[in-house]
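**Q** Sequence and predicted structure, then a few things I'm wondering about:
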Amino acid sequence: MADVVKISKFMSLVLRHKPEEIGLALDENGWADVDELIRLMNLKGTSLTRPVLEQVVAGNDKKRFAFSEDGLRIRASQGHSVDVDLALPPSTPPELLYHGTATRFLDSIRAEGLKSGKRQHVHLSLDIPTATKVGQRHGKPVILVIRSGEMSAAGHLFYLSANNVWLAEGVPLSFIDFPAG
Ligand code: HQG
């Protein structure tokens, strides 16, 4: 099992951030050829076969990766820093979404809103427990409430990733509710 987690982490690196690490080509929509991925991962010392890859994709806790319909290509469903166009259609978000962050970022967020930083999008969660886990990765977690319905009505676009993460290009301050105190 540990191997599966290790492979998944390496796949996140190459499919979201550094395909060049193994010499992999991503197309403009972020897809990689499955056989090529397997070949190059093996060349870099990660033993990977199609059945193991299928296990990594199906068993992944956050469903981070998806195969194309014909099963010939694979991509990360969100989280990219490389410039790819996931070609997701804009979707109408629920009235509220949540962003988990760490207290140490609050001053900056209060000054400029949520920025996507190195990634292509700001990631928003459907519920508070998920947002709390996201925030915990950075320090003491704090949950911001995003008035996404209002923001969408004001013309800002939202996208829903294949693994149910809401994505926005940024979140202006006026749509963020900070916790009291
Ligand atoms: C913060 C994981 C200062 C932002 C998760 C966050 C997610 C600002 C950090 C996915 C800021 C960026 C993404 C501003 C935003 N000033 N800090 N103006 N605006 N920030 O890791 O959302 O496990 O790039 O609050 O589950 O934490 O990898 O984004 O704390 O879906 O699949 O800057 O990664 O998924 O951190 O996480 P990140 P994130 P995986």
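**A** Thanks, I have the structure now.

**Q** okay, CA-based contacts and neighbour counts for the rest of this
**A** OK.

**Q** who in this protein is up against the ligand?
**A** For the chain, the residues in contact with the ligand (C-alpha under 6 Å from any ligand atom) are 64, 79, 101-102, 105, 108-109, 112-115, 119, 122-123, 134-135.

**Q** switch to 8 Å and redo it
**A** With C-alpha under 8 Å from any ligand atom as the criterion, the chain comes near the ligand at residues 12, 62, 64, 78-79, 99-102, 105-119, 122-125, 130-131, 133-135, 137-138, 165, 170.

**Q** Domain-wise, how is the chain divided?
**A** If you go by automatic domain parsing, the domain ranges for the chain are 4-76, 97-177.

**Q** returning to that earlier point: let's see which of the residues of the chain next to the ligand end up in helices.
**A** Using DSSP state H, 12, 106-112, 130-131, 133-135 are the members of these that sit in helices.

**Q** In the protein, what residue lies closest to the ligand?
**A** Going by C-alpha to the nearest ligand atom, the ligand is nearest to residue 114 of the chain, at 3.5 Å.

**Q** Quick check: that residue touching residue 173?
**A** Yes. The pair residue 114 and residue 173 qualifies as a contact (C-alpha atoms under 8 Å) at a distance of 7.3 Å.

**Q** more crowded one of the two?
**A** Higher neighbour count among residue 114 and residue 173: residue 114, with 25 against 15, using other C-alpha atoms under 10 Å.

**Q** give me every residue that touches that one.
**A** Residues counted as contacts of residue 114 (C-alpha atoms under 8 Å, 6 or more residues apart in numbering) are 122, 170, 171, 172, 173.

**Q** check contacts around the residue nearest the centre of the chain.
**A** For the chain, the residue sitting closest to the mean C-alpha position, by C-alpha atoms, centre = their mean, is residue 79 at 2.7 Å. Contact analysis of residue 79 by C-alpha under 8 Å, 6+ apart lists 16, 119, 120, 121.

**Q** Check the gap between the second one and residue 149 for me.
**A** If you measure residue 119 against residue 149 using C-alpha to C-alpha, to the nearest Å, the figure is 23 Å.

**Q** hang on, the earlier thing: mind checking which of the ones in helices among the residues of the chain next to the ligand are buried?
**A** Taking 16 or more other C-alpha atoms under 10 Å as the criterion, what is buried in these is 12, 106, 109, 131, 134, 135.

**Q** Now tabulate the residues you listed in JSON lines and tack on distance to residue 90.
**A** Output for these, formatted as JSON lines (distance: C-alpha to C-alpha, whole Å):
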{"residue": "12", "distance to residue 90": "24"}
{"residue": "106", "distance to residue 90": "28"}
{"residue": "109", "distance to residue 90": "25"}
{"residue": "131", "distance to residue 90": "22"}
{"residue": "134", "distance to residue 90": "23"}
{"residue": "135", "distance to residue 90": "25"}
